[in-house]
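Got a sequence here, can you model it:
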Amino acid sequence: MSQEKDTALIEHLSKQGIDDKMVMGHPAGLFVLFFTEMWERFSYYGMRALLTVFLITEIGKGGWEWTNAEAMQLYAWYTGLVYLTPLIGGMIADKFTGFRKAILLGALIMTLGHASMALEVFSPYFFYAGLAFMILGNGLFKPNISSMVGNLYPDSSSKKDAGYTIFYMGINAGAFLGMLLCGYIGEKVGWHWGFGLAGVFMLFGMLQFYFGQKIFGIIGEEPVKADAVDNQKIEEDVQEKETAAHIVRDRLIVVGVLMVASIFFFFAFEQAGGSMTVFAKNYTQRVLEGSTGTIFKWIDAILTIFPILIVTWVLFGLGKKIYKNYPSTIIFTGISFAIIWVLGGWKVYKEFSLEQTEVTVSWFQILNSFFIITLASSFSKLWEKVWNPSGPVKFAMGLTLVGVGFVVLSLGASSIPQGAATASVSMLWLVGAYFFHTMGELCLSPVGLSYVSKLSPKRLAGLLFGLWFTASAIANFIAGMTGSYIDKISTMYSMSTFFLIIAAIPIFAAVLLLVFNPKLKKMMHGIN
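This is a model prediction of the structure:
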């Protein structure tokens with residue numbers, strides 16, 4: 001059965017003019033997208049890890065000394081707009097530029113954004129201009145790279161969900177390294193160094209994609225050009241896939257329901273850069289001494305080196321397959337990895353040379369990505385070989401798990417007195433919360449991308465990926481605005497109550513999804 005589906009995949013690649021070289025059983029092009037997205041996420045999450053901490057840090061330490069509420073509100077607007085612009089970016093690619101040009105232009109604008117933010121030391125206007133560039137560039141980049149992943153697979157392929165999970169591992173490898181290194185350098189060396197470092201890797205991501213474009217055949221070319229290439233084969237393919245109007249309508253309704261469900265998930269999940277960052281900075285015991293400090297240094301060293309080792313191995317596998325035809329892609333990615341190894345080694349050495357260990361606020365955000373990198377392949381195998389429930393069930397699992405993470409935080413915060421400005425809660429509560437959040441994310445986010453790709457008519461793919469990110473925009477905006485009430489709610493009730501409210505909302509949405517699962521499954525008309 002899997003052999004038949006592999007044949008279908010090879011046939012699909014050949015129709016699109018794509019080389020059928022495989023890496024780990026997936027098209028080599030998936031891994032070019034993997035590394036492009038990885039460096040983009042490095043830049044985005046590296047900067048985001050610093051954003052709230054920088055804004056609320058004292059002026060004497062180089063920050064802007066904003067209140068928690070002010071910082072959360074800027075965070076809400078920034079993250080909301082970052083996920084809103086992909087709606088326009090998807091439409092621009094569908095109608096005018098094609099996916100590839102949109103990705104390259106977006107990457108260039110984001111590189112300029114980081115360069116501008118690195119100059120915030122001269123004027124705050126550079127900081128705001130950088131945020132604007134990041135918002136615009138992300139709009140062109142984000143929906144279109146996700147669409148390209150979907151186009152590498154036929155809808156019938158059992159590898160499609162697994163392909164998105166591997167791609168998702170790339171997203172999180174980049175997020176992990178960005179938060180780890182930009183966060184560390186920003187907090188320990190200088191904020192502008194952290195903001196600037198994020199842009200260096202955005203530039204590398206853009207270059208390796210630019211030089212590897214031909215590996216995608218006609219996928220992602222300008223709409224007219226793509227039509228002109230081998231027009232007859234594409235027309236035959238479209239006729240084969242002709243779908244009745246009522247089936248298209250039903251599937252789009254399911255996509256809509258999943259998008260709404262994702263708002264409930266990301267409203268909770270995106271507290272990571274907001275209220276959970278405030279909790280880490282002001283309420284968590286981060287200064288470690290003696291044997292506790294030594295244990296942390298070793299854990300941190302493993303957390304730094306292990307993921308770099310994994311993605312280096314993936315790069316080596318890709319290099320063996322495509323270096324001959326695409327040397328520049330591998331060379332630019334190789335240079336960027338050499339820099340990452342140097343920075344990672346320097347960070348580990350510096351920490352071991354200090355007597356007292358102070359865990360950076362941004363360090364906690366790397367836990368989500370670390371758990372993704374270590375658990376992604378297990379979830380991929382679970383869906384492929386052991387148990388593959390319907391999309392709504394996977395979404396319900398994700399919503400429940402993110403809620404459980406906040407129940408854990410609520411328990412951890414139960415010892416904090418009402419209205420306290422600081423406390424020293426064990427960091428293990430935050431570690432536990434991130435673990436549950438990550439398992440929830442693996443049930444929902446890559447699965448959501450895969451279902452948008454499978455259930456959408458091809459002509460609307462860019463637009464629907466844009467709408468998927470619009471749902472994230474709404475969720476991020478609500479998350480930031482909710483986070484701005486952390487001081488008010490913890491003063492009136494308690495910090496524990498604040499986290500319990502956030503836990504209850506996604507769990508309620510999970511129950512609704514399970515109730516409507518049979519109906520939604522029927523409306524997918526055979527796509528699972």
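
Please make it C-alpha for all contacts and neighbour counts, starting now.
Noted.

Go through the protein and flag its longest helix.
Longest helix in the chain by number of residues (criterion: DSSP state H): helix 290-322.

Mind giving me the packing neighbours of the very next helix or strand once past that one?
Counting by DSSP states H and E, the element after helix 290-322 in chain order, helix or strand, is helix 327-352. Helices and strands touching helix 327-352, by 3 or more Cα pairs under 8 Å, 6 or more residues apart in numbering; DSSP states H and E, are helix 191-211, helix 290-322.

What's the first helix or strand after helix 327-352?
With DSSP H and E, the next secondary element past helix 327-352 is strand 357-358.

Pull the residues that contact that following strand.
Residues external to strand 357-358 that are found in contact with it (Cα atoms under 8 Å, 6 or more residues apart in numbering): Arg286, Val287, Leu288, Glu289, Gly293, Lys297, Glu351.

Next: stretch 449-457.
With Cα under 8 Å, 6+ apart as the criterion, stretch 449-457 contacts 146-147, 150, 155, 160-161, 164, 248, 251-252, 255, 391, 461, 464-465, 468, 524, 527.

hmm, back to that, buried subset of the contacts of strand 357-358, written for ChimeraX?
In ChimeraX, this line selects whichever of those come out buried by 16 or more other Cα atoms under 10 Å:
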select :286,288,293,297,351
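
Among the contacts of strand 357-358, list the two that are farthest apart in space.
Spatial extent of the contacts of strand 357-358 (Cα to Cα) is set by the pair Arg286 and Glu351 at 14.1 Å.

which stretch among the helices and strands packed on helix 327-352 comes nearest Gly273?
It's helix 191-211; of these, that one is closest to Gly273 (Cα to Cα) at 15.7 Å.

Distance check, the residue nearest to Ile373 when sequence neighbours are not counted against Pro307.
Nearest non-adjacent residue to Ile373, counting by Cα to Cα, 6 or more residues apart in numbering: Met169, 5.6 Å away. Met169 sits 11 Å away from Pro307, going by Cα to Cα, to the nearest Å.

Give me the common contacts of the two.
Common neighbours of Met169 and Pro307 (Cα under 8 Å, 6+ apart) are Ile373.

Can you tell me how far the residue nearest to Ile373 is from Ile310?
Separation of Met169 from Ile310 (Cα to Cα) stands at 11 Å.

what's the answer for Arg459, then?
Taking Cα to Cα, one finds Arg459 at 36 Å from Ile310.

Please identify which of the two sits among more neighbours.
Ranked by neighbour count (other Cα atoms under 10 Å), Arg459 and Ile310 place Ile310 first, with 14 against 10.

give the contact list for that one.
For Ile310, the contact set (Cα under 8 Å, 6+ apart) is empty.

Over to Met148?
Phe99, Ile219, Gly220.

Which of the residues you listed ranks first by neighbour count?
Phe99 (28 neighbours).

would you say it is within a helix?
Yes: assessed with DSSP: H, G, I helix; E, B strand; the rest coil, Phe99 lies in a helix.

I'd guessed it sits against Gly89; true?
No: counting by Cα atoms under 8 Å, Phe99 does not reach Gly89; the two are 9.3 Å apart.

any residues in contact with both of these two?
Residues touching both Phe99 and Gly89 (Cα under 8 Å, 6+ apart): Asn144.

just checking, next helix/strand downstream of the helix or strand of the chain with the lowest mean pLDDT?
The weakest-scoring helix or strand in the chain, judged by mean pLDDT, DSSP states H and E, is helix 231-240 (a mean of 46). Using DSSP H and E, the helix or strand that directly follows helix 231-240 along the chain is helix 245-269.

returning to that earlier point: tell me the most buried of the helices and strands packed on helix 327-352?
Of all the helices and strands packed on helix 327-352, helix 191-211 carries the top mean neighbour count, a mean of 24, counting by mean count of other Cα atoms under 10 Å.

Please save the CA atoms from that one in CSV.
What follows is helix 191-211, C-alpha atoms only, in CSV (Å, rounded to 0.1, in the frame of the first residue of the first chain):
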residue,chain,number,x,y,z
TRP,A,191,19.8,44.3,23.1
HIS,A,192,20.8,45.6,19.7
TRP,A,193,23.2,42.7,19.2
GLY,A,194,20.4,40.3,19.8
PHE,A,195,18.1,42.1,17.3
GLY,A,196,20.9,42.3,14.7
LEU,A,197,21.9,38.7,15.0
ALA,A,198,18.4,37.6,14.0
GLY,A,199,18.8,39.5,10.7
VAL,A,200,22.0,37.8,9.7
PHE,A,201,20.3,34.4,9.6
MET,A,202,17.3,35.8,7.7
LEU,A,203,19.8,36.8,5.0
PHE,A,204,21.3,33.3,4.9
GLY,A,205,17.8,31.8,4.6
MET,A,206,17.0,34.1,1.7
LEU,A,207,20.2,33.2,-0.2
GLN,A,208,19.9,29.4,0.2
PHE,A,209,16.4,29.5,-1.1
TYR,A,210,17.3,31.8,-4.0
PHE,A,211,20.0,29.5,-5.2
